[in-house]
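Visitor: next comes the sequence, and after it the predicted model I'd like to discuss.
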Amino acid sequence: MNLTSPESLIFWTTLIFVVFFFLMAKFAWKPILGAVKSREESINNALASAETAKLEMQNLTASNERLLAEARAERDAMMKDAREIKEKMINDAKLEAQVQGEKMIAQAKSAIESEKNAAMAELKNQVSSLSLEIAEKVLKSELSNNEAQTKLVEKMLGDAKLN
């Protein structure tokens, strides 16, 4: 048999391939398949972990959004309460100021009225004093001579008879 002929090359190539295939199947195939299998399992585990992490992230995001919505609602309620308290305080202060103003006006009117009455009483006293002084001076001047006194007495007697 000629070793360089094409038929013998095919034979030897096939024989070497078969021997190589059996050697590979006996010694290398199991470790290679085991490594591929373990790599496939680790990839599947990593994918499952990634999916779990994704679900957890979605849950956390939903939870965060819910907490933010609750916080916003609570903040809005607190702001509303604060506005109501502020408006109530302003209204109470206005009402209190109005009541105090009315009290002060009433006190001022009362003080003015009492001062007016006191001034009127003082004025009446002064007018009566002045009237008495004037009457006294007039009578003194009228009654300073005897003739004027007699005329006055006669006049008074004349008026008394008429009544």
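Guide: Ah, there it is.

Visitor: tell me how far Glu136 lies from Leu130.
Guide: 11 Å (CB to CB, to the nearest Å). The C-beta positions use only the backbone N, C-alpha and C, and glycine is treated the same way.

Visitor: kindly apply the preceding question to Ala97 instead.
Guide: 47 Å.

Visitor: ok, now how distant is Ala106 from Ile112?
Guide: Distance from Ala106 to Ile112, by CB to CB: 11 Å.

Visitor: alpha carbons of stretch 84-97, as PDB, please.
Guide: Output of stretch 84-97 as PDB, limited to C-alpha atoms (Å, rounded to 0.1, in the frame of the first residue of the first chain):
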ATOM      1  CA  GLU A  84     -56.500  77.500  58.700                       C
ATOM      2  CA  ILE A  85     -54.800  78.200  62.000                       C
ATOM      3  CA  LYS A  86     -53.200  81.300  60.500                       C
ATOM      4  CA  GLU A  87     -56.500  82.600  59.200                       C
ATOM      5  CA  LYS A  88     -58.200  81.800  62.500                       C
ATOM      6  CA  MET A  89     -55.500  83.700  64.400                       C
ATOM      7  CA  ILE A  90     -55.800  86.600  62.000                       C
ATOM      8  CA  ASN A  91     -59.600  86.600  62.400                       C
ATOM      9  CA  ASP A  92     -59.400  86.300  66.100                       C
ATOM     10  CA  ALA A  93     -56.900  89.200  66.300                       C
ATOM     11  CA  LYS A  94     -59.200  91.300  64.100                       C
ATOM     12  CA  LEU A  95     -62.200  90.500  66.200                       C
ATOM     13  CA  GLU A  96     -60.200  91.200  69.400                       C
ATOM     14  CA  ALA A  97     -58.900  94.500  68.000                       C
END
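
Visitor: now do it, average pLDDT.
Guide: For stretch 84-97, the mean pLDDT works out to 95.

Visitor: pull out the buried positions in that stretch.
Guide: Judged by neighbour count (16 or more other CB atoms under 10 Å), stretch 84-97 contains no buried residues.

Visitor: by average pLDDT, which secondary structure element in this structure comes out worst?
Guide: helix 146-162 (a mean of 74; mean pLDDT, DSSP states H and E).

Visitor: what about the spatially most central residue of the chain, which helix or strand?
Guide: The residue lying closest to the centre of the chain (CA atoms, centre = their mean) is Ala82, at 3.4 Å. In the assignment (DSSP states H and E), Ala82 maps to helix 29-142.
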